[in-house]
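Q: next come a sequence and a model predicted from it.
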Amino acid sequence: MTAIAPPATEPSTSTRPAFLLGLVAVLVLVAVALLPDITAAGRATDVPTHYMGLLMANQPWNLLLFMAVPFLVIYLGLVPAALGLAPAWVGRAAIAFLAVYLTVAAAYLLRWAVWPLTDSGGWRGPVDLIAVGGYVLTAMPILVLAVLTFGGGSARAQTWWAWLALVVAHVAMTFGMMAPFVLGWHATGPMAGPLH
């Protein structure tokens, strides 16, 4: 007579939440007790990029118009529809809105920021160019996405252009929050603030 082996048992799934909670607790303890304070460390600047200056000026309207409105439409309309979490019409409405809105914003910034800054030599180094240029260029992949969406382009191409728009917008935002001196700009002249 052959011995019957006991059935193989899988690891209990009930131990996973306890493990994750323990891991989170350890990481929180490390963050609070062992890591140094970096919130005020390093160099700071009183001269932000023009991107950040735009968002800080005319509070709260510029922040709402140039940051909150487009990102809310992206994250409440475009992304959920692309992930299948919202009806397709929500995504199409978001794309149509963003195509118009970001094109108008790009034209406005070309007229009132890019042209005057280029003409006067007022750019604050590469960080400033990437931040403002990225914001203006975000309209391009959105326009291509709109043409593909309403012109019958493939779903794969639409997905790539949607992700490209998100990447360009986030590059602009990241560089917009960076201090201009990080990539070599040195404050000189009347618009320069003290560097710490």
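A: Looks like it arrived, so ask away.
Q: ok, residue 185 touching residue 125?
A: Yes: the pair formed by residue 185 and residue 125 meets the contact definition of Cβ atoms under 8 Å, at 2.7 Å. Glycine gets a C-beta too; all of them are placed from N, C-alpha and C.
Q: chain center to the one helix or strand residue 126 maps to, what's the gap?
A: Applying DSSP states H and E as the criterion places residue 126 in helix 125-137. In terms of Cα atoms, centre = their mean, to the nearest Å, the centre of helix 125-137 is found 13 Å from the chain centre.
Q: which residues sit against it?
A: If you take Cβ atoms under 8 Å, 6 or more residues apart in numbering as the criterion, helix 125-137 is touched by 49-52, 66, 105-106, 109-110, 113-114, 117, 123, 168-169, 171-173, 175-176, 178-185.
Q: what pLDDT does the spatially most central residue of the chain get?
A: With distances taken as Cα atoms, centre = their mean, the residue of the chain nearest its centroid is residue 170 (2.6 Å). At residue 170, the predicted lDDT confidence score is 94.
Q: what separation do you get for it and residue 66?
A: 15 Å (Cβ to Cβ, to the nearest Å).
Q: next: residue 158.
A: Distance from residue 158 to residue 66, by Cβ to Cβ: 25 Å.
Q: identify each buried residue in the one helix or strand residue 173 maps to, please.
A: Taking DSSP H and E as the criterion, residue 173 maps to helix 155-176. Using 16 or more other Cβ atoms under 10 Å as the test for burial, helix 155-176 gives 158, 161-162, 164-166, 168-169, 171-173, 175-176.
Q: run the chain-centre distance for that helix.
A: On Cα atoms, centre = their mean, the centre of helix 155-176 falls 8 Å from that of its chain.
Q: quick one: that helix to helix 125-137, angle?
A: Relative orientation of helix 155-176 versus helix 125-137 (axes from the mean of the first three to the mean of the last three Cα atoms, to 10 degrees): 140 degrees.
Q: give me the contacts around helix 155-176.
A: Contacts of helix 155-176 (Cβ under 8 Å, 6+ apart): 49, 51-52, 55, 67, 70-71, 74, 78-79, 82, 98, 127, 130-135, 137-138, 140-142, 144-145, 148-149.
Q: counting by contacts, list what the worst-scoring helix or strand of the chain on mean pLDDT packs against.
A: Least confident helix or strand of the chain, by mean pLDDT, DSSP states H and E, is helix 79-82 with a mean of 83. Helices and strands touching helix 79-82, by 3 or more Cβ pairs under 8 Å, 6 or more residues apart in numbering; DSSP states H and E, are helix 88-109, helix 155-176.
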